[in-house]
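Trainee: Got a sequence here, can you model it:
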Amino acid sequence: MSDSPPSASVSGRLGALRARLPDTRREAERLLDRVVRENRFTIAVLFPLVGAVALVGSAEGWVPEPLAFNPWFVLFGVLVMRSPLVVGALPALDRRAVGWVGVLIAYTYAIELFGVATGWPYGSFEYTVSLGPMLGGVPLALPVFFIPLVVNAYLLCLLLLGPRASNGWVRLASVIAAVVAMDVVLDPGAVALGFWSFGGGAFFGVPLSNYAGWVLSATVAVAALDRAFEIGALNDRLRDCEFMLDDMVSFVILWGGINLWYGNLLPAAVAVAFGVGLVRADRFDAALFTQWR
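Mentor: Predicted structure coming up:
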(Lines give C-alpha, C1' and ligand atoms only; values in the text may rest on other atoms or scores of the structure.)
Protein backbone atom coordinates (compact mmCIF):
# COMPACT_ATOMS: atom_id res chain seq x y z
CA MET A 1 0.00 0.00 0.00
CA SER A 2 1.12 3.53 -0.71
CA ASP A 3 1.72 5.84 2.23
CA SER A 4 0.91 8.89 0.10
CA PRO A 5 -2.24 10.73 1.18
CA PRO A 6 -5.16 10.67 -1.30
CA SER A 7 -4.74 14.37 -2.07
CA ALA A 8 -1.14 13.80 -3.14
CA SER A 9 -2.17 10.92 -5.40
CA VAL A 10 -4.88 13.02 -7.05
CA SER A 11 -2.47 15.93 -7.46
CA GLY A 12 0.05 13.59 -9.06
CA ARG A 13 -2.47 12.30 -11.58
CA LEU A 14 -3.62 15.82 -12.40
CA GLY A 15 -0.03 16.89 -12.85
CA ALA A 16 0.66 13.99 -15.21
CA LEU A 17 -2.45 14.85 -17.20
CA ARG A 18 -1.46 18.50 -17.35
CA ALA A 19 2.00 17.55 -18.61
CA ARG A 20 0.41 15.76 -21.58
CA LEU A 21 -1.77 18.73 -22.57
CA PRO A 22 -0.50 21.17 -25.20
CA ASP A 23 1.00 24.43 -23.97
CA THR A 24 0.61 26.48 -27.13
CA ARG A 25 -1.95 26.92 -29.89
CA ARG A 26 0.44 25.28 -32.38
CA GLU A 27 0.81 22.23 -30.15
CA ALA A 28 -2.98 22.02 -29.73
CA GLU A 29 -3.45 22.19 -33.51
CA ARG A 30 -0.91 19.41 -34.02
CA LEU A 31 -2.66 17.27 -31.40
CA LEU A 32 -6.08 17.76 -33.02
CA ASP A 33 -4.58 17.09 -36.45
CA ARG A 34 -3.22 13.78 -35.21
CA VAL A 35 -6.52 12.74 -33.58
CA VAL A 36 -8.52 13.45 -36.74
CA ARG A 37 -5.92 11.93 -39.06
CA GLU A 38 -5.78 8.71 -37.05
CA ASN A 39 -9.58 8.37 -37.06
CA ARG A 40 -10.46 9.49 -40.59
CA PHE A 41 -12.31 6.33 -41.59
CA THR A 42 -14.40 6.30 -38.41
CA ILE A 43 -15.29 10.00 -38.72
CA ALA A 44 -15.82 10.33 -42.47
CA VAL A 45 -17.20 6.89 -43.39
CA LEU A 46 -18.56 4.97 -40.40
CA PHE A 47 -20.35 7.91 -38.77
CA PRO A 48 -22.34 8.88 -41.91
CA LEU A 49 -23.15 5.23 -42.66
CA VAL A 50 -24.48 4.69 -39.14
CA GLY A 51 -26.21 8.07 -39.33
CA ALA A 52 -27.97 7.21 -42.58
CA VAL A 53 -29.23 3.91 -41.15
CA ALA A 54 -30.35 5.58 -37.91
CA LEU A 55 -32.17 8.42 -39.68
CA VAL A 56 -33.93 6.15 -42.16
CA GLY A 57 -34.78 3.78 -39.30
CA SER A 58 -36.24 6.69 -37.33
CA ALA A 59 -38.33 7.86 -40.30
CA GLU A 60 -39.56 4.34 -41.02
CA GLY A 61 -40.50 3.62 -37.39
CA TRP A 62 -37.82 0.97 -36.86
CA VAL A 63 -36.04 2.93 -34.12
CA PRO A 64 -37.98 3.19 -30.84
CA GLU A 65 -38.46 6.30 -28.74
CA PRO A 66 -36.55 8.09 -27.33
CA LEU A 67 -33.81 7.14 -29.77
CA ALA A 68 -35.78 7.99 -32.94
CA PHE A 69 -34.58 11.35 -34.28
CA ASN A 70 -33.03 12.04 -30.90
CA PRO A 71 -31.77 15.62 -31.35
CA TRP A 72 -28.73 15.17 -29.11
CA PHE A 73 -27.61 12.06 -30.99
CA VAL A 74 -28.12 13.89 -34.27
CA LEU A 75 -26.16 16.92 -33.08
CA PHE A 76 -23.36 14.75 -31.69
CA GLY A 77 -23.03 12.90 -35.00
CA VAL A 78 -23.00 16.14 -36.96
CA LEU A 79 -20.33 17.65 -34.70
CA VAL A 80 -18.12 14.58 -35.13
CA MET A 81 -18.47 14.70 -38.93
CA ARG A 82 -17.73 18.45 -38.89
CA SER A 83 -14.54 17.98 -36.86
CA PRO A 84 -12.16 17.50 -39.83
CA LEU A 85 -13.33 20.79 -41.34
CA VAL A 86 -13.02 22.67 -38.04
CA VAL A 87 -9.60 21.22 -37.21
CA GLY A 88 -8.43 21.79 -40.78
CA ALA A 89 -9.45 25.44 -40.69
CA LEU A 90 -7.99 26.24 -37.25
CA PRO A 91 -4.51 27.31 -38.45
CA ALA A 92 -6.10 29.83 -40.83
CA LEU A 93 -8.41 31.22 -38.14
CA ASP A 94 -7.36 34.62 -36.84
CA ARG A 95 -9.23 37.55 -35.27
CA ARG A 96 -10.44 38.84 -38.63
CA ALA A 97 -11.71 35.39 -39.64
CA VAL A 98 -13.55 34.95 -36.34
CA GLY A 99 -15.26 38.31 -36.88
CA TRP A 100 -16.44 37.50 -40.40
CA VAL A 101 -17.56 34.00 -39.40
CA GLY A 102 -19.55 35.75 -36.66
CA VAL A 103 -21.18 37.91 -39.34
CA LEU A 104 -22.06 34.75 -41.27
CA ILE A 105 -23.55 33.16 -38.14
CA ALA A 106 -25.68 36.27 -37.57
CA TYR A 107 -26.85 36.15 -41.19
CA THR A 108 -27.70 32.45 -40.81
CA TYR A 109 -30.05 33.11 -37.90
CA ALA A 110 -31.53 36.25 -39.45
CA ILE A 111 -32.36 34.75 -42.85
CA GLU A 112 -33.76 31.54 -41.31
CA LEU A 113 -35.94 33.40 -38.81
CA PHE A 114 -37.18 35.65 -41.61
CA GLY A 115 -37.76 32.65 -43.85
CA VAL A 116 -39.78 30.74 -41.24
CA ALA A 117 -41.89 33.85 -40.56
CA THR A 118 -42.45 35.01 -44.16
CA GLY A 119 -41.63 32.16 -46.54
CA TRP A 120 -38.92 34.26 -48.22
CA PRO A 121 -36.41 33.55 -49.71
CA TYR A 122 -36.57 29.74 -49.47
CA GLY A 123 -40.33 29.26 -49.70
CA SER A 124 -42.76 28.48 -46.88
CA PHE A 125 -41.39 25.73 -44.65
CA GLU A 126 -41.35 24.49 -41.08
CA TYR A 127 -39.18 22.17 -39.06
CA THR A 128 -41.12 18.97 -38.36
CA VAL A 129 -38.43 17.14 -36.36
CA SER A 130 -36.70 18.58 -33.30
CA LEU A 131 -33.07 19.45 -33.97
CA GLY A 132 -32.46 20.55 -30.41
CA PRO A 133 -33.44 23.77 -28.62
CA MET A 134 -35.40 26.13 -30.87
CA LEU A 135 -35.64 29.91 -31.03
CA GLY A 136 -38.52 31.38 -33.03
CA GLY A 137 -38.98 28.09 -34.86
CA VAL A 138 -35.27 27.87 -35.76
CA PRO A 139 -32.73 25.44 -34.20
CA LEU A 140 -30.13 27.14 -32.03
CA ALA A 141 -27.57 24.78 -33.58
CA LEU A 142 -28.41 26.08 -37.08
CA PRO A 143 -24.88 27.39 -37.85
CA VAL A 144 -23.50 23.89 -37.22
CA PHE A 145 -25.72 22.64 -40.06
CA PHE A 146 -25.49 25.62 -42.45
CA ILE A 147 -22.03 27.16 -42.33
CA PRO A 148 -20.00 23.98 -42.99
CA LEU A 149 -22.10 23.40 -46.12
CA VAL A 150 -21.00 26.68 -47.72
CA VAL A 151 -17.43 26.40 -46.41
CA ASN A 152 -17.09 22.91 -47.92
CA ALA A 153 -18.36 24.20 -51.26
CA TYR A 154 -15.93 27.13 -51.07
CA LEU A 155 -12.93 24.89 -50.31
CA LEU A 156 -13.80 22.31 -52.97
CA CYS A 157 -14.02 25.07 -55.58
CA LEU A 158 -10.63 26.43 -54.51
CA LEU A 159 -9.13 22.98 -55.03
CA LEU A 160 -10.78 22.24 -58.36
CA LEU A 161 -10.34 25.72 -59.86
CA GLY A 162 -6.65 25.99 -59.06
CA PRO A 163 -5.18 29.32 -60.25
CA ARG A 164 -8.58 30.35 -61.68
CA ALA A 165 -9.89 30.65 -58.11
CA SER A 166 -8.01 33.96 -57.82
CA ASN A 167 -10.66 35.51 -60.10
CA GLY A 168 -13.39 36.72 -57.75
CA TRP A 169 -16.23 36.38 -60.28
CA VAL A 170 -15.19 32.84 -61.26
CA ARG A 171 -14.93 31.93 -57.59
CA LEU A 172 -18.34 33.41 -56.79
CA ALA A 173 -20.12 31.69 -59.70
CA SER A 174 -18.48 28.34 -58.93
CA VAL A 175 -19.31 28.41 -55.22
CA ILE A 176 -22.91 29.44 -55.88
CA ALA A 177 -23.28 26.50 -58.28
CA ALA A 178 -21.70 24.13 -55.75
CA VAL A 179 -23.87 25.33 -52.86
CA VAL A 180 -27.07 25.04 -54.90
CA ALA A 181 -26.01 21.56 -56.04
CA MET A 182 -25.36 20.54 -52.43
CA ASP A 183 -28.86 21.67 -51.53
CA VAL A 184 -30.20 19.67 -54.48
CA VAL A 185 -28.88 16.71 -52.49
CA LEU A 186 -29.72 17.91 -48.97
CA ASP A 187 -33.29 19.22 -49.14
CA PRO A 188 -34.95 16.28 -50.96
CA GLY A 189 -33.32 13.87 -48.50
CA ALA A 190 -34.35 15.96 -45.49
CA VAL A 191 -37.93 16.28 -46.78
CA ALA A 192 -38.09 12.53 -47.38
CA LEU A 193 -36.98 11.92 -43.79
CA GLY A 194 -39.47 14.46 -42.48
CA PHE A 195 -36.85 16.81 -41.03
CA TRP A 196 -38.72 19.77 -42.48
CA SER A 197 -41.56 20.36 -44.89
CA PHE A 198 -42.28 22.91 -47.60
CA GLY A 199 -45.86 21.70 -47.95
CA GLY A 200 -45.02 20.34 -51.39
CA GLY A 201 -42.83 21.40 -54.27
CA ALA A 202 -41.94 20.57 -57.85
CA PHE A 203 -38.54 19.04 -57.05
CA PHE A 204 -38.97 16.03 -54.75
CA GLY A 205 -41.22 18.05 -52.46
CA VAL A 206 -38.99 21.15 -52.59
CA PRO A 207 -40.18 24.36 -54.34
CA LEU A 208 -37.86 25.80 -56.97
CA SER A 209 -37.89 29.14 -55.13
CA ASN A 210 -35.82 27.42 -52.43
CA TYR A 211 -32.86 27.27 -54.79
CA ALA A 212 -33.14 30.96 -55.63
CA GLY A 213 -32.87 31.57 -51.89
CA TRP A 214 -29.69 29.52 -51.80
CA VAL A 215 -28.19 31.68 -54.55
CA LEU A 216 -28.63 34.65 -52.21
CA SER A 217 -27.19 32.87 -49.20
CA ALA A 218 -24.24 31.50 -51.17
CA THR A 219 -23.45 35.01 -52.41
CA VAL A 220 -23.44 36.36 -48.86
CA ALA A 221 -21.31 33.42 -47.71
CA VAL A 222 -18.69 33.94 -50.42
CA ALA A 223 -18.49 37.65 -49.62
CA ALA A 224 -17.93 36.85 -45.93
CA LEU A 225 -15.44 34.03 -46.52
CA ASP A 226 -13.44 36.13 -49.01
CA ARG A 227 -12.96 38.70 -46.28
CA ALA A 228 -12.42 36.18 -43.50
CA PHE A 229 -9.59 34.23 -45.10
CA GLU A 230 -6.62 34.88 -47.33
CA ILE A 231 -6.99 32.53 -50.30
CA GLY A 232 -3.29 31.75 -50.52
CA ALA A 233 -3.22 30.65 -46.86
CA LEU A 234 -6.32 28.50 -47.36
CA ASN A 235 -4.79 26.86 -50.42
CA ASP A 236 -1.60 26.13 -48.48
CA ARG A 237 -3.61 24.52 -45.69
CA LEU A 238 -5.71 22.54 -48.16
CA ARG A 239 -2.55 21.22 -49.79
CA ASP A 240 -1.04 20.14 -46.47
CA CYS A 241 -4.22 18.85 -44.77
CA GLU A 242 -5.59 15.81 -46.58
CA PHE A 243 -8.62 15.49 -44.27
CA MET A 244 -9.90 19.07 -44.52
CA LEU A 245 -12.76 18.07 -46.84
CA ASP A 246 -13.66 14.81 -45.09
CA ASP A 247 -16.90 16.48 -43.96
CA MET A 248 -17.92 16.59 -47.61
CA VAL A 249 -17.08 12.89 -47.91
CA SER A 250 -19.52 12.36 -45.02
CA PHE A 251 -22.09 14.52 -46.82
CA VAL A 252 -21.86 12.38 -49.97
CA ILE A 253 -22.23 9.12 -48.04
CA LEU A 254 -24.99 10.29 -45.67
CA TRP A 255 -27.27 12.24 -48.00
CA GLY A 256 -26.45 10.27 -51.12
CA GLY A 257 -27.43 7.09 -49.28
CA ILE A 258 -30.64 8.59 -47.88
CA ASN A 259 -31.73 9.86 -51.30
CA LEU A 260 -30.94 6.51 -52.86
CA TRP A 261 -33.07 4.72 -50.24
CA TYR A 262 -36.06 6.94 -50.99
CA GLY A 263 -35.66 6.66 -54.76
CA ASN A 264 -34.54 10.27 -55.25
CA LEU A 265 -32.26 9.27 -58.09
CA LEU A 266 -31.34 12.73 -59.37
CA PRO A 267 -30.25 14.04 -55.94
CA ALA A 268 -28.35 10.77 -55.40
CA ALA A 269 -26.62 11.23 -58.77
CA VAL A 270 -25.59 14.76 -57.79
CA ALA A 271 -24.11 13.35 -54.58
CA VAL A 272 -22.12 10.89 -56.70
CA ALA A 273 -20.91 13.82 -58.83
CA PHE A 274 -19.58 15.47 -55.67
CA GLY A 275 -17.83 12.19 -54.89
CA VAL A 276 -16.18 12.31 -58.31
CA GLY A 277 -15.09 15.90 -57.63
CA LEU A 278 -13.54 14.80 -54.34
CA VAL A 279 -11.69 12.00 -56.13
CA ARG A 280 -10.37 14.50 -58.69
CA ALA A 281 -9.25 16.74 -55.85
CA ASP A 282 -7.55 13.69 -54.26
CA ARG A 283 -9.77 13.92 -51.17
CA PHE A 284 -11.72 10.68 -51.56
CA ASP A 285 -8.27 9.14 -51.27
CA ALA A 286 -6.88 5.69 -50.61
CA ALA A 287 -5.46 6.77 -47.23
CA LEU A 288 -9.00 7.34 -46.00
CA PHE A 289 -9.86 3.68 -46.55
CA THR A 290 -6.60 1.99 -45.59
CA GLN A 291 -7.47 2.64 -41.93
CA TRP A 292 -10.37 0.19 -42.34
CA ARG A 293 -8.08 -2.76 -42.96
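Trainee: List the contacts of residue 135.
Mentor: Contact analysis of residue 135 by CB atoms under 8 Å, 6 or more residues apart in numbering lists 109, 113. No exception for glycine: its C-beta is placed from N, CA and C like everyone else's.
Trainee: quick one: secondary structure of residue 114?
Mentor: Under DSSP: H, G, I helix; E, B strand; the rest coil, residue 114 falls in the helix class.
Trainee: Not counting residues beside it along the chain, what's closest to it?
Mentor: Distances taken as CB to CB, 6 or more residues apart in numbering place residue 120 nearest to residue 114, at 6.9 Å, with adjacent residues excluded.
Trainee: likewise residue 219?
Mentor: Leaving aside its sequence neighbours, residue 219 sits nearest to residue 176 (CB to CB, 6+ apart; 6.4 Å).
Trainee: List the buried residues of the helix or strand harbouring that neighbour.
Mentor: Counting by DSSP states H and E, the element that carries residue 176 is helix 168-193. For helix 168-193, a neighbour-count test (16 or more other CB atoms under 10 Å) marks 171-172, 174-176, 178-193 as buried.
Trainee: Likewise for stretch 56-66?
Mentor: By neighbour count on 16+ other CB under 10 Å, the buried set for stretch 56-66 is 56, 58-59, 63.
Trainee: can you put those in JSON lines and add pLDDT, secondary structure and distance to residue 47?
Mentor: Converted to JSON lines, these look like this (pLDDT from 0 to 100; DSSP: H, G, I helix; E, B strand; the rest coil; distance: CB to CB, whole Å):
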{"residue": "56", "pLDDT": "98", "secondary structure": "helix", "distance to residue 47": "15"}
{"residue": "58", "pLDDT": "97", "secondary structure": "helix", "distance to residue 47": "16"}
{"residue": "59", "pLDDT": "96", "secondary structure": "helix", "distance to residue 47": "18"}
{"residue": "63", "pLDDT": "95", "secondary structure": "coil", "distance to residue 47": "17"}
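Trainee: if we can go back for a sec, for the helix holding residue 176, enumerate the helices and strands it packs against.
Mentor: helix 47-60, helix 142-161, helix 209-228, helix 246-261, helix 265-280 (3 or more CB pairs under 8 Å, 6 or more residues apart in numbering; DSSP states H and E).
Trainee: if we go to 10 Å?
Mentor: Here helix 168-193 touches helix 47-60, helix 142-161, strand 196-197, helix 209-228, helix 246-261, helix 265-280, going by 3 or more CB pairs under 10 Å, 6 or more residues apart in numbering; DSSP states H and E.
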